[in-house]
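Asker: A predicted structure for the sequence below; I have some questions about it.
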Amino acid sequence: MSSQLTGLFDDERVIVLATALDDAAVERLSPREAAATTRMREKRLREYATGRALAREGLARFFGLRDFDLLNAEDRSPIWPERVAGSLSHCDTRAWIALVERSWGTVGIDGEHRAELKRDLWRHTMLPEEIAALDALDETIRGRHALALFSAKEALYKAQYPRSGQFMGFHALHVALDEDRLICTFQQDVGPFERGFVARGRWRVTDEGELLTAVWIEGP
């Protein structure tokens, strides 16, 4: 059974649902959704199916769109209904979706189920100034904050891609953490977003130990 999360987005019109991974969701895939899973391993299939079941529930409950097949485009991005901006994430424990009317803007959500981001991954995903900020923290929280930065970049990518249609590398974005807030600053032009553009978001650690980030970009 899914639960509705609050407080991840500043605007309460953004709906966030979460649910534990469910083996039974595989049987609830539509024929078209199932056709995309033929080469998936069991773990990936369970994550995919749970996310699709959650999306179907959210679209029916909050937008009146029933039995919608959430398929992927050739670039692997989900094809949401025309009037809906959505984002989907899953890890080895849970799936999440964020949904809002497309006229409001676009959203990105990311969930991670690990304690930290290992140090040997930092230089591949972070700018020198981000690493310097992490090194200034107490060592007991550095790894978790590094994971929050990584996750925020994943969430931001999902929020910007529907509007830019462009790949955006980790180093094209600077993320600053402020308690439960995220400040995401573009370091280069990406589609309609000019260098210096700022998107905002939030992050939290759930009671189950998962780390969640959410980023939004308002506007059509």
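Answerer: On my side now, so go ahead.
Asker: Give the next helix or strand downstream of the top helix by length along the chain.
Answerer: Identified as the longest helix of the chain according to DSSP state H is helix 139-164. Scanning forward in sequence from helix 139-164 by DSSP states H and E, the next helix or strand is strand 173-178.
Asker: What residues of the helix or strand that comes right after that following strand count as buried?
Answerer: Proceeding N to C from strand 173-178, the next assigned helix or strand is strand 181-186, under DSSP H and E. Buried residues in strand 181-186, counting neighbours by 16 or more other CB atoms under 10 Å, are found at 182, 184, 186. C-beta here means a position set from N, CA and C on the backbone, and glycine is covered the same way.
Asker: Let me have those residues in a markdown table, extended by distance to residue 50.
Answerer: Formatted as a markdown table, the buried residues of strand 181-186 follow (distance: CB to CB, whole Å):
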| residue | distance to residue 50 |
| --- | --- |
| 182 | 26 |
| 184 | 27 |
| 186 | 32 |
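Asker: In the protein, mark out all the strands, start to finish.
Answerer: Ranges of strands in the chain, per DSSP state E, are 3-5, 15-20, 84-90, 94-101, 105-112, 173-178, 181-186, 198-205, 211-218.
Asker: need those strands in CSV with distance to residue 118, can you?
Answerer: Below are these laid out as CSV (distance: least, CB to CB, whole Å):
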stretch, distance to residue 118
strand 3-5, 27
strand 15-20, 26
strand 84-90, 20
strand 94-101, 22
strand 105-112, 12
strand 173-178, 18
strand 181-186, 21
strand 198-205, 18
strand 211-218, 14
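Asker: Tabulate the ones you listed in JSON lines, adding columns for mean pLDDT.
Answerer: Compiled in JSON lines, the strands of the chain are given as follows (pLDDT from 0 to 100):
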{"stretch": "strand 3-5", "mean pLDDT": "96"}
{"stretch": "strand 15-20", "mean pLDDT": "97"}
{"stretch": "strand 84-90", "mean pLDDT": "97"}
{"stretch": "strand 94-101", "mean pLDDT": "98"}
{"stretch": "strand 105-112", "mean pLDDT": "98"}
{"stretch": "strand 173-178", "mean pLDDT": "96"}
{"stretch": "strand 181-186", "mean pLDDT": "98"}
{"stretch": "strand 198-205", "mean pLDDT": "97"}
{"stretch": "strand 211-218", "mean pLDDT": "98"}
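Asker: so which of the ones you listed gets nearest residue 40?
Answerer: Nearest of the strands of the chain to residue 40, taken as CB to CB: strand 84-90 at 12.6 Å.
Asker: What pairs with the closest one, parallel or antiparallel?
Answerer: If you go by DSSP bridges, strand 84-90 pairs up with strand 94-101 (antiparallel).
Asker: in the strand it pairs with, what's buried?
Answerer: Those would be 94, 95, 96, 97, 98, 99, 100, for strand 94-101 by 16+ other CB under 10 Å.
Asker: This completes my enquiry, with thanks.
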